[in-house]
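Colleague: Sharing a sequence plus its predicted fold:
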Amino acid sequence: MQKIIGLFLLAIALNIQAQDATKFNLSFEEQETEANLSRGWFQWGTHGLAIDKIAYSGKRAGKITSKSNSKFGSIAYKIPANYKGSFIKLEGYMKIKDVKDGFAGLLMRVDGGGESLAFDNMESESIQGTRDWKKYSIILPYPEEAEVIFVAGILVGNGEAWFDDFKLTIDGNDVQTLKEIEKTLAKAQLDKEFDTGSAVQFPELDAKRLKDLELLGRVWGFLKYHHPEIAKGNYNWDYELFRFLPDYLKTESVSERDRLIIQWIESLGELKHCTECTITEKDAVLKPDLKWIKKQNKNLKDRLLYVYKNRSQGKQYYIERAKNIGNPIFSKERSYYEMAYPDAGFRLLSVYRYWNMINYFFPYKHLMDKDWNKTLAEYIPRFINASNELEYELVALEIIGDIQDTHANLIGGNDKTEEMKGLYYPPVNLRFIEDQLVVVDYYDEAMKAEVGLEIGDVITNIGDISVQQFIKDNTKYYPASNEPTRLRDISIDILRSPSEVIDITYLTAGGEQKSMKLQLYPKDSIPNFYFLNKKNPDRSFKMLDGNIGYVTLQNIQEEDIPQIKEDFKNTKGIIIDIRNYPSTFVPFSLGSYFISDPSRPFVKFTGVNLNNPGEFTFVQKLEIDSERYTYKGKLIILVNELSQSQAEYTAMAFRAGDNTTILGSTTAGADGNVSLIMLPGGLRTVISGIGVNYPNGEETQRVGIVPDVEVKPTIKGIREGKDELLDKAIEIINNQ
């Protein structure tokens, strides 16, 4: 797992040049000879690097060039992380030319303890094509245990990209002038005893031992987030589990088991009486579930409740809240990425860690179909008994899927799962229309002749397996908030394969059943693959016939907004297409154009109370300021299962407008800022970290943005080349 991390570290070891510890050459201006990169910059990846005279400012800029399908290239810089802070921000200017089959972006990575602690490369923004110089930024939580910071420009696929004038700040302070400090490590960070393995050997997992392990998982997680000594960082709580397990697994009776747990709790130190520990807020949306504690035998119950009544208050080592946002940050969790297939002790740690994070910090635990209290016992033996790397990844995918959050998935470290699914993809865009798998578009019209499929063809079988059977067999590996979104994600993978050619059966528009061998391709060689819904238009807005404005948020830029307001102010209506992921955050800058009443809120958030883990309360409502001029025409918002997270939040903001209609079908049902979770073996996943609700408290998670007018595409419409949602929007505006 995490092969790219290993490559990155190797590249660093081979290429890093000596650097001034206090002054960093982030403008590319310092260059000894034209044959060398600017001072401090080094190569990562395979694309060609150069220092170019085409610069945003000054005389030099970094440049990456690729004319082949090699995977990626990056021009990178290393900065010692000798600073304290909460958030780190990278800003820089980028110019691109003919970027395709991938993306370009800034990259920032923070490492510590031999692994990546925070990372972003702007892949989700899918920046392609040709664009002039523009300022971009990345913001990440700044881990306390950070040791080194990497900033870079990256190009995946083909094209050219220039980078200039990088600026790195921590809590708003420029590292060029920020005073360096000598960091003091917490005791938890100094504990290295089990770095190479847990040394835990599990006996046969009979009913008694499984029940004991379930209880231990609950106690371990409860103490992790409640005991003041653990909150101070005085214990590496992962490794304390491995120290405790051997004796615990030998206990033969409930009384012996309970006595050992009580001794463990007492060994952590005496608790000071807490005068600030309220039980729970009266208006809490969710309250901690302590019923499992009250079911224990008296001595253990009393001891656990005593910890709860005198629990940690204030800063905690293993959990914090994002500044100004409030979603949980699990910045102290090591991923142990060097263990591609972690040993059984670490696999148990994985299920303990994930179950407790969801139990205490997932704002939508109450919306799951499954009782989370029953999940721990179910998955303990499955994690322990996972016999290889692939089985471990798959069982992790299943428990992630149980929380029914479209944000949640394996987003890193899942090499074997990706290998199983294959590297080759079909050259056509597929969607489930009227419960059938339909070819809705070509990624590239030039490939139409060699594909052999027509738009509107219905795929019925992959080899000997029907599409419906594939869905039934694989649903558990596609985490999603609702079924339309699950089918959305399955449609991307369903014809994916380790082979370059697969056999399919399909129905034509005339009802004829045909079979063919379909040629597949690496996704980086399929033009427009990264644009799931539509090929990326050159411009984000245009005028339709009948004096109707059309805006797509897929590639909207902040500088487009004044022109949109000016061009469309006298139109009959405006259609905003959010069947995509917005390229720019516009709820306030564009939303203000449609709202005359600034006191009308559009969203209400819930956040976790870290002083009482498991408790969520409403924290604030948000409103949009109105402008001097408010748009008077009809506003139609187009949404479907492709509308997720920021797209859903934007639709909520526009819904607060004076004359807004949401048209389409249920969205992805996953809104709010995400929180990163690291699991042993280098696995990375996320959760929706804050509760996003309508002003009346009604939830959006799983439900999504319910349209005012439901319209879904039909197979007939697809075959006729119609956009039925757009057609309906135009009809509504014309009939007003």
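Modeller: Okay, I see it. Values in this document were obtained by computation on a predicted structure and should not be read as measured data.

Colleague: only C-alpha atoms for contact and neighbour calcs from this point on.
Modeller: Noted.

Colleague: Once you drop chain neighbours, what's closest to Gln43?
Modeller: Ile75 (5.1 Å; CA to CA, 6 or more residues apart in numbering).

Colleague: residues contacting that neighbour?
Modeller: Contact analysis of Ile75 by CA atoms under 8 Å, 6 or more residues apart in numbering lists Trp41, Phe42, Gln43, Trp44, Leu49, Gly62, Lys63, Ile64, Ala152, Gly153, Ile154.

Colleague: just Ile595 next, same as before
Modeller: With CA under 8 Å, 6+ apart, Ile595 has these contacts: Ile624, Asp625, Ser626, Glu627, Thr630, Tyr631, Ala656, Gly657, Asp658.

Colleague: go with 6 Å
Modeller: For Ile595, the contact set (CA atoms under 6 Å, 6 or more residues apart in numbering) comprises Ser626, Gly657, Asp658.

Colleague: Spatially nearest residue to Leu305 (excluding sequence neighbours)?
Modeller: Nearest non-adjacent residue to Leu305, counting by CA to CA, 6+ apart: Ile293, 7.4 Å away.

Colleague: Could you check how far the helix or strand containing Leu106 is from the centre of its chain?
Modeller: If you go by DSSP states H and E, Leu106 is part of strand 87-112. Centre-to-centre, strand 87-112 and its host chain are 17 Å apart (CA atoms, centre = their mean, to the nearest Å).

Colleague: likewise stretch 577-589?
Modeller: Distance of stretch 577-589 from the chain centroid (CA atoms, centre = their mean) equals 17 Å.

Colleague: same check, this time on stretch 221-229
Modeller: Stretch 221-229 sits 27 Å away from the centroid of its parent chain (CA atoms, centre = their mean).

Colleague: what's it in contact with?
Modeller: Contacts to stretch 221-229, defined as CA under 6 Å, 6+ apart, come from residues Arg311, Ser312, Asn356.

Colleague: Buried only: go through these for me.
Modeller: Arg311, Ser312, Asn356 (16 or more other CA atoms under 10 Å).

Colleague: quick one on the thing from earlier: and which of the contacts of Ile595 is nearest Ala161?
Modeller: Nearest to Ala161 out of the contacts of Ile595 is Ser626 (CA to CA; 38.5 Å).

Colleague: Count the neighbours of the closest one for me.
Modeller: As a burial measure, Ser626 scores 20 neighbours (other CA atoms under 10 Å).

Colleague: quick one: which helix or strand includes it?
Modeller: Residue-wise, Ser626 maps onto no helix or strand under DSSP H and E.

Colleague: how much space is there between it and Asn528?
Modeller: The spacing between Ser626 and Asn528, counted by CA to CA, to the nearest Å, is 37 Å.

Colleague: pLDDT weak spots in the stretch 401-550 of the chain?
Modeller: Counting by pLDDT under 70, the stretch 401-550 of the chain shows low-confidence ranges at 530-537.

Colleague: no no, the stretch 101-250 of the chain
Modeller: For the stretch 101-250 of the chain, applying pLDDT under 70 flags the ranges 113-114.

Colleague: Just the contacts of Ile75: which are in strands?
Modeller: Secondary structure from DSSP state E places Trp41, Phe42, Gln43, Trp44, Leu49, Gly62, Lys63, Ile64, Ala152, Gly153, Ile154 of the contacts of Ile75 in strands.

Colleague: Surely Arg719 and Gly456 touch.
Modeller: Yes - counting by CA atoms under 6 Å, Gly456 is a contact partner of Arg719 at 4.7 Å.

Colleague: more crowded one of the two?
Modeller: More crowded of Arg719 and Gly456, by other CA under 10 Å: Gly456, with 24 against 16.

Colleague: Let's have the ones in strands among the contacts of Ile75 in CSV, adding distance to Val586.
Modeller: Below are those laid out as CSV (distance: CA to CA, whole Å):
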residue, distance to Val586
Trp41, 35
Phe42, 36
Gln43, 36
Trp44, 34
Leu49, 35
Gly62, 30
Lys63, 30
Ile64, 30
Ala152, 27
Gly153, 25
Ile154, 26
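
Colleague: pLDDT-wise, what's the bottom of these?
Modeller: Lowest in pLDDT among these is Trp44, which has 84.

Colleague: what ranges do the strands span in the stretch 201-350 of the chain?
Modeller: Here the stretch 201-350 of the chain has its strands, by DSSP state E, counting those that start in this stretch, at 320-321, 328-329.

Colleague: Minimum distance to Leu117: which of those has it?
Modeller: Closest approach to Leu117 among these is made by strand 328-329 (11.4 Å; CA to CA).

Colleague: Parallel or antiparallel, list what pairs with that closest one.
Modeller: Pairing partners of strand 328-329, with direction, according to DSSP bridges: strand 320-321 (antiparallel).

Colleague: model confidence over the partner strand, on average?
Modeller: Mean predicted lDDT for strand 320-321 stands at 90.

Colleague: begin at 230 from here
Modeller: Will do, 230 is the new start, and the previous item becomes strand 549-550.

Colleague: Go through the contacts of Ile304 and say which is closest to Phe612.
Modeller: Of these, the one sitting nearest to Phe612 (CA to CA) turns out to be Trp273, at 35.4 Å.

Colleague: hmm, back to that, which single one of the contacts of Ile824 is nearest to Leu414?
Modeller: Ser855 (48.9 Å).

Colleague: Please name the nearest non-neighbouring residue to that closest one.
Modeller: Nearest residue to Ser855 in three dimensions, chain neighbours excluded: Ser821, at 4.8 Å (CA to CA, 6+ apart).

Colleague: Spell out the secondary structure type for that neighbour.
Modeller: helix (DSSP: H, G, I helix; E, B strand; the rest coil).

Colleague: What is the neighbour count of it?
Modeller: Here the number of neighbours of Ser821 (other CA under 10 Å) works out to 25.
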